[in-house]
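Novice: Sequence and computational prediction follow.
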Amino acid sequence: MEPTLSASQQNGEAVRILLGFTLPAGISSSDSITSCQLQMQRPVQGPSEPYGLTASEALGSWDQATVNGLTSLPTGKVLGSVQATGNERPNAIDVTDACKDAASGGSDGSFSLWVDTSGPAVMFPSMKTGAASMLRVFTK
């Protein structure tokens, strides 16, 4: 596992971040979820100009040891976007629909998200650093 996660859209090539989450225990239906937010950490390296971050649903299952851009393509619906600048921590991205889908899908509450950027490379800390992206789930 790498200490950073990178995303970029340059020269016609896309590099995306794939994140996996499991809803907290006790969430048994989508009706109990009022909001769900993906909070990326402050980038360890970001472009000097403003950029967009977009979260999309990732369909299907994957294995962290073998997943890559060819084995799991971004095919799910776009959930939300935010604008960010340089090395400032981006605002949270609304991913409520993905959380509700995971809660009502008859699964164990696990789901995945793709995170794209609209421009030059931005690098975020991974789980390996202890400062990974966070999922905030708000319930009734």
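Specialist: Nice, I can see it.
Novice: Every contact and neighbour count from this point should use C-alpha atoms.
Specialist: Will do.
Novice: quick one: the helices in this protein?
Specialist: 96-104 (DSSP state H).
Novice: worst-scoring helix or strand of it, pLDDT-wise?
Specialist: For the chain, using mean pLDDT, DSSP states H and E, the weakest element among its helices and strands is strand 13-15, scoring a mean of 80.
Novice: Quick one: list the elements packing against it.
Specialist: strand 4-10 (3 or more Cα pairs under 8 Å, 6 or more residues apart in numbering; DSSP states H and E).
Novice: Go ahead and measure how far the strand it packs on is from the middle of the chain.
Specialist: Distance of strand 4-10 from the chain centroid (Cα atoms, centre = their mean, to the nearest Å) equals 12 Å.
Novice: Can you tell me what sits against it?
Specialist: Outside strand 4-10, the residues within contact range by Cα atoms under 8 Å, 6 or more residues apart in numbering are 14-17, 44, 115-126.
Novice: Go through that strand and flag the buried ones.
Specialist: By neighbour count on 16 or more other Cα atoms under 10 Å, the buried set for strand 4-10 is 4-9.
Novice: And for stretch 99-109?
Specialist: In stretch 99-109, counting by 16+ other Cα under 10 Å, buried: 99-104, 109.
Novice: Can you measure across it, start residue to end residue?
Specialist: From its first residue to its last, stretch 99-109 covers 8 Å (Cα to Cα, to the nearest Å).
Novice: as a whole number, average confidence for stretch 119-134?
Specialist: Mean pLDDT, stretch 119-134: 87.
Novice: what about that stretch, distance to the chain center?
Specialist: 10 Å.
Novice: What lies in contact with that stretch?
Specialist: Outside stretch 119-134, the residues touching it (Cα under 8 Å, 6+ apart) are 1-10, 38-47, 51-52.
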